[in-house]
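Engineer: Kindly generate the corresponding structure for this input.
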Amino acid sequence: MNSITYSLAWCLFISLSVLPAHAGSLSLPQPKGEVLLEISGDIRYTNTGNKARFDREMLRSLPTHVLTTHTPWTDGKRQFRGPLIRDVLSRVGADGDELRVEALNHYSGQIPISDVVDHDVVLAMSMDGKPLVIRNFGPLFVLYPFDENPELNTENIRYRSVWQVAKIHVH
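Structural biologist: Predicted coordinates:
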């Protein structure tokens, strides 16, 4: 084997040995706990058929964002924690212009992708340090940074602030 052939073979070996490790980091693990969120539509990374399903721990593994704000539905300023929706969408390789966010009671809101790109829209999992529960906006709540961007406190945006989130469809 001459040195050029050897070099090419070595490069190919290195490339192929690195590829599976990188590809594995992009795939989604199976949820081990109760599924809180199901994402479907124009997504690349799935873990159940053509859907991405997340339990609480999988959502907690994403970078956490803290949003302290007043809302039209709560008294006073509250602290919400959870991943940014754009980080959740990035994790599933979403490619679309709009989200349909559906609640447990089948209410749904349409959110332009530009909202989550332009603003730190949180998929809140807790309020004031306590996990959100169904009777109190949970388990997941789409929250806009109302105090940071007062222009977001409109009827249109309030309809997009879905609570008791169960599903997101990317289209």
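
Engineer: The residue positioned nearest the centre of the chain and A52: what is the separation?
Structural biologist: By Cα atoms, centre = their mean, the chain has its centre lying nearest to V88, at 2.2 Å. According to Cβ to Cβ, to the nearest Å, V88 stands 9 Å off from A52. Placement of C-beta: from N, CA and C, glycine included.

Engineer: Now do the shared contacts for those two.
Structural biologist: Jointly contacting V88 and A52 under the rule Cβ atoms under 8 Å, 6 or more residues apart in numbering are I39.

Engineer: Low-confidence ranges, this structure, go.
Structural biologist: Scanning the chain for pLDDT under 70 picks out the ranges 1-26.

Engineer: any chance you could map the helices in it?
Structural biologist: For the chain, applying DSSP state H gives helices covering 3-26, 56-60, 85-91, 113-118, 155-160.

Engineer: How about residues contacting the fourth one?
Structural biologist: Applying Cβ under 8 Å, 6+ apart, the external contacts of helix 113-118 come out as 84-86, 89, 94, 96-99, 121, 144, 157, 160.

Engineer: Pretty sure R53 sits against N47.
Structural biologist: Yes: in this structure R53 lies within contact range of N47 using Cβ atoms under 8 Å: 5.9 Å.

Engineer: who has more neighbours, those two?
Structural biologist: R53 (18 against 15; other Cβ atoms under 10 Å).

Engineer: does the more buried one have beta-bridge partners, and which?
Structural biologist: Bridge pairing for R53 (DSSP bridges) gives the partners E38.

Engineer: I'd guessed the residue nearest to the centre of the chain sits against L62; true?
Structural biologist: Yes: if you go by Cβ under 8 Å, V88 and L62 touch, sitting 6.4 Å apart.

Engineer: Any buried residues in stretch 115-126, and which?
Structural biologist: D115, V116, H119, D120, V121, V122, L123, A124, M125, S126 (16 or more other Cβ atoms under 10 Å).

Engineer: Quote the end-to-end distance of it.
Structural biologist: Terminal residues of stretch 115-126 lie 21 Å apart, using Cα to Cα, to the nearest Å.

Engineer: Give me the distance from that stretch to the chain's centre.
Structural biologist: 9 Å (Cα atoms, centre = their mean, to the nearest Å).

Engineer: Stretch 53-66 too?
Structural biologist: With Cα atoms, centre = their mean, you get 8 Å for stretch 53-66.

Engineer: And it, what's buried?
Structural biologist: Under the neighbour-count criterion of 16+ other Cβ under 10 Å, stretch 53-66 has R53, F54, D55, R56, M58, L59, L62, H65 buried.
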